[in-house]
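[1] Structure, please.
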Amino acid sequence: MLLMQFSAAGTDFPSIDTWTPEEIRAHIDFMHDVNAKLAADGERVQAEGLAGPQQARIVRAGKDGTPVVTEGPFAETKEFLAGWWIVDCETPQRAVEIAAHISTAPGPGGQPLNMPIEVHPVMSAPPQEM
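    Next up, the predicted model:
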């Protein structure tokens with residue numbers, strides 16, 4: 001699983017709400033191209049972008065099991081999960097190569113964003129030592 005993180009801290013580009021429509025389109029087109037290539041290569045299992053944290057909700061079960069939904073409090077952080085890919089690769093190195101390519105998604109002025117992409121193996125069963 002490849003997780004695309006966004007962090008206002010430690011980035012050297014402005015937030016996406018300040019990008020020009022052309023810059024946003026170039027970024028989205030890049031992501032579409034990534035998804036199409038992964039699908040054509042038989043490596044794409046699933047990929048989704050996520051809405052920003054302002055649209056997220058926290059859900060807990062109430063005493064009777066009914067959902068209790070709140071708009072926070074959220075952990076004190078400037079990072080949020082912007083999207084993910086589940087890929088089926090021959091090797092862990094291939095997943096790292098895909099993540100590095102995704103990290104080059106264009107931002108303002110067409111410059112690569114170099115966003116961090118986390119790479120997590122998806123477990124099909126509990127570890128043997130459990």
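[2] Contacts made by the helix ranked longest in the chain with the rest, please.
    Longest helix of the chain, by residue count under DSSP state H: helix 21-40. Under the contact criterion Cβ atoms under 8 Å, 6 or more residues apart in numbering, helix 21-40 has outside partners 16, 19, 44, 47, 49, 83, 85, 87, 98, 101-102, 105-110. The way it works is simple: take the backbone N, C-alpha and C, and place the C-beta from them, glycine included.
[3] got it, and stretch 110-126?
    Applying Cβ under 8 Å, 6+ apart, the external contacts of stretch 110-126 come out as 1-7, 11, 13, 23, 26, 82, 86, 92, 95-96, 99-100, 102-107.
[4] Count the neighbours of residue 110 for me.
    Residue 110 is flanked by 11 other residues according to other Cβ atoms under 10 Å.
[5] next one: residue 39
    Neighbour count for residue 39, taken as other Cβ under 10 Å: 12.
[6] in this structure, which spans are strands?
    For the chain, the strands defined by DSSP state E cover 2-7, 44-49, 58-61, 67-70, 79-87, 117-119.
[7] Quick one: those strands as JSON lines, columns for mean pLDDT, mean neighbour count and distance to residue 34 too.
    Listed next are those as JSON lines, based on pLDDT from 0 to 100; neighbours: other Cβ atoms under 10 Å; distance: least, Cβ to Cβ, whole Å:
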{"stretch": "strand 2-7", "mean pLDDT": "84", "mean neighbour count": "17", "distance to residue 34": "10"}
{"stretch": "strand 44-49", "mean pLDDT": "94", "mean neighbour count": "13", "distance to residue 34": "8"}
{"stretch": "strand 58-61", "mean pLDDT": "90", "mean neighbour count": "9", "distance to residue 34": "30"}
{"stretch": "strand 67-70", "mean pLDDT": "91", "mean neighbour count": "10", "distance to residue 34": "33"}
{"stretch": "strand 79-87", "mean pLDDT": "88", "mean neighbour count": "17", "distance to residue 34": "8"}
{"stretch": "strand 117-119", "mean pLDDT": "94", "mean neighbour count": "16", "distance to residue 34": "11"}
